[in-house]
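Student: Okay, sequence plus prediction incoming.
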Amino acid sequence: MSDAAITPSQIEALFTRSDDSFVFARWGRPIVPVVFGVDDKTLEVVKGAVEAVVFLAGHKMAETDPELGANLMVFFFRDWSELADVPKLDQLIPGFGPLVERLTQTGADQYRAFRFDADGTIKAAFVFVRMNSPLADMSAETLALGQMAQVILLWSDTAFQNRSPLARVGERVILHPEIADVIRAAYDPILPGANSDPSHALRLFARIAQIAG
């Protein structure tokens, strides 16, 4: 754990949404990624980032999801209007058409949507990255790692508004140590895969301390 250890209140804030509700969820099934809109070189970078974050979490990947085929879909594109040509997205994400209109109007450069199993754990996630934006100036490695960090858990919608999940060490970009600690603790099998009680932050804090010790 980093020298400036994360506190229970900081952990709670990471999962407290803008409506003040506390919602924690991790993936409950192996992750099966598929990436659209990139060349083979970038594809390998993105999949490498998925593998690195999944390994950190102690979670699993698979070749296919028996229900969905792929359950982590990552889209890179230059304009939100391009998504209108992607078949069945409106079936996978209810209200997708109006959502794209809002994202276009606000000039959004990224968006993540999740689906959940009956027990509240993450069933599928959809990551949208508009490259006709400042994100295009990032290296593929930095962009991919940042996106995967934000999709390995159901963070608050405000968790990374004022801070990045990444940190720079010399020439390298890594997961911020405090965020890495939370991810590792969140996937401890002793903890539930989903929880709406803010006291869960205390359990995460205790697991971080135990892992660090």
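Tutor: Looks like it came in fine.

Student: which residues does the closest residue to residue 86 other than its chain neighbours bridge with?
Tutor: Using CB to CB, 6 or more residues apart in numbering and skipping residues adjacent in sequence, the residue nearest residue 86 is residue 75, 7.2 Å away. Using the backbone N, CA and C atoms, a C-beta is placed for each residue, glycine as well. With DSSP bridges as the criterion, residue 75 is bridged to residue 36, residue 128.

Student: Going forward, count from 32.
Tutor: Understood, numbering begins at 32; the last thing we discussed is residue 106.

Student: quick one: residue 106 and residue 159 touch, right?
Tutor: Yes: here residue 106 reaches residue 159: they are 5.0 Å apart, a contact under CB atoms under 8 Å.

Student: Tell me the buried residues in the helix or strand of the chain with the lowest mean pLDDT?
Tutor: Of the helices and strands making up the chain, the lowest-confidence element is helix 120-123, at a mean of 87, by mean pLDDT, DSSP states H and E. Neighbour counts over helix 120-123 (16 or more other CB atoms under 10 Å) mark residue 120 as buried.

Student: which residues touch the residue nearest the centre of the chain?
Tutor: With distances taken as CA atoms, centre = their mean, the residue of the chain nearest its centroid is residue 182 (1.1 Å). By CB atoms under 8 Å, 6 or more residues apart in numbering, the residues touching residue 182 are 103, 143, 156, 158.

Student: Most widely separated two among those residues?
Tutor: 103 and 143 (10.4 Å; CB to CB).

Student: who touches both of those two?
Tutor: 156, 158, 182.

Student: Correct me if wrong: the second one contacts residue 107.
Tutor: The one in question is residue 158. No: using CB under 8 Å, residue 158 is not in contact with residue 107; the gap is 9.1 Å.

Student: what about those two, which has more around it?
Tutor: Shown here are residue 158 and residue 107; by other CB atoms under 10 Å, residue 107 has more neighbours (24 against 20).

Student: Quick one: residues contacting the more buried one.
Tutor: So residue 107 contacts 66, 67, 68, 69, 73, 160, 162 (CB under 8 Å, 6+ apart).

Student: helices or strands next to the longest helix seen in the chain in the packing?
Tutor: Longest helix in the chain, counting residues (DSSP state H): helix 71-88. Taking 3 or more CB pairs under 8 Å, 6 or more residues apart in numbering; DSSP states H and E as the contact definition, the neighbouring helices and strands of helix 71-88 are strand 64-67, strand 103-108, helix 171-182, helix 208-217.

Student: The second one versus helix 71-88: what angle between them?
Tutor: If I follow you right, that is strand 103-108. With axes from the mean of the first three to the mean of the last three CA atoms, to 10 degrees defining the directions, strand 103-108 sits at 140 degrees from helix 71-88.

Student: From the chain's centroid, how far away is strand 103-108?
Tutor: 12 Å (CA atoms, centre = their mean, to the nearest Å).

Student: Averaged pLDDT, that strand. What do you get?
Tutor: Mean pLDDT, computed over strand 103-108, is 96.
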